[in-house]
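# I'd like to go over a predicted model; first the sequence, then the structure.
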Amino acid sequence: MDVLTFRIDQAWFALDAGIVQRVVEEQAVYPIPCMPALHRGLLFYRGELFDVIDLGLALHNTPAQGRRLMLVKWKIHAFAFLADAIGAIRAGEEDATGRIVMENGDGVRLLAIDRLIETILENCHGPGEIPADIFTGI
């Protein structure tokens, strides 16, 4: 399995390289009012909109310090993930614990994209339920 490695704080992670469209230098990001801190804003790149997500805040509660973005498309979602550092696409084998063991013997944690995006959407948009008291006082 080919993976793209990236670092958050001192921990290395990986995403399936098949879902990563490209890695770009940070572009103009347009903040959206009233969004959680992990949602940095929107990126317009080559005619497409990407939600810019700070993986440092999403995974370790500290803002990412990097300047490069991983453009990821998954199902109907398009995200630009910000990390402290982006490594390279590397070949590796997944072990029984969900870690990817690289050809040099190092291990990184493989992030399941479906669970990562589910967590991001819950943190950015709520659970999707309308609270019963939404109309109170209107």
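Yep, that arrived. Numbering: from 1, shown residues only.
# Spit out the contact partners of the closest residue to residue 20 other than its chain neighbours.
Nearest residue to residue 20 in three dimensions, chain neighbours excluded: residue 4, at 5.0 Å (Cβ to Cβ, 6 or more residues apart in numbering). All C-beta atoms are positioned from the backbone trio N, CA, C, and that covers glycine. Applying Cβ atoms under 8 Å, 6 or more residues apart in numbering, we find residue 4 in contact with 14, 15, 16, 17, 20, 23, 70, 86, 87, 88, 89.
# what's the answer for residue 63, then?
With Cβ under 8 Å, 6+ apart, residue 63 has these contacts: 37, 54, 56, 57.
# Show me which of these are buried.
Neighbour-count burial (16 or more other Cβ atoms under 10 Å) is assigned, among the contacts of residue 63, to 54, 56, 57.
# export those to a markdown table and tack on secondary structure?
As requested, the buried ones among the contacts of residue 63 are exported to a markdown table (DSSP: H, G, I helix; E, B strand; the rest coil):
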| residue | secondary structure |
| --- | --- |
| 54 | strand |
| 56 | helix |
| 57 | helix |
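# nearest to residue 46, of those residues?
Among the buried ones among the contacts of residue 63, residue 54 lies closest to residue 46 (Cβ to Cβ), at 21.9 Å.
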